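Undergrad: this is the structure alone, sequence omitted:
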């Protein structure tokens, strides 16, 4: 389904201590996203650990012992039907190491996580990116 540019889109504000997830031009405010998920009492489902690629980011080894595997990771639809891990890289790494098959997860569709982009430029680029993916599948 093609998305339309919303002229009223307001970028998600970021405080200095907010956790962010940058992917090129796309920067998501994870702190606000998590607060939203808790506020709406979003239910979780399970994601299969082996379906997600190993993170290219550096894992803080000393942090792994304290990671709570009951805390849901966040996966976001980054193209139609395709989800990427955007929060919980340490949890995913720990799950792999102990050979855990699944983790609890919040699964956000594209229209849900767009509100957590931090710039208008990223929002517009994401809409164009998404629509290109939809056209490629047609």
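TA: Happy to help now that I have it. In this text the structure is predicted, and so the values were computed from the model without any measurement.
Undergrad: just checking, what packs against the one helix or strand in the chain whose mean pLDDT sits lowest?
TA: One helix or strand of the chain scores below all others by mean pLDDT, DSSP states H and E: helix 61-64, with a mean of 80. Under the contact definition 3 or more Cβ pairs under 8 Å, 6 or more residues apart in numbering; DSSP states H and E, helix 61-64 sits against helix 89-97. The C-beta positions use only the backbone N, C-alpha and C, and glycine is treated the same way.
Undergrad: what bits of this structure have low per-residue confidence?
TA: Low-confidence segments of the chain, defined by pLDDT under 70: 55-57.
Undergrad: look at the residue nearest the centre of it and tell me its secondary structure.
TA: Centroid check for the chain by Cα atoms, centre = their mean gives residue 86 as the closest residue, at 3.1 Å. Assigned by DSSP: H, G, I helix; E, B strand; the rest coil, the conformation of residue 86 is strand.
Undergrad: do residue 42 as well
TA: Criterion first, three-state DSSP; result for residue 42: coil.
Undergrad: thought it was touching residue 106?
TA: Yes. With contact defined as Cβ atoms under 8 Å, residue 42 counts as touching residue 106 (5.7 Å).
Undergrad: all the strands of the chain, residue numbers only.
TA: Secondary structure of the chain, counting by DSSP state E: strands at 20-23, 26-29, 45-48, 73-79, 82-87, 102-108.
Undergrad: so which of those is nearest residue 134?
TA: strand 73-79 (8.3 Å; Cβ to Cβ).
Undergrad: go through the strands of the chain and name the closest to residue 1.
TA: strand 73-79 (11.4 Å).
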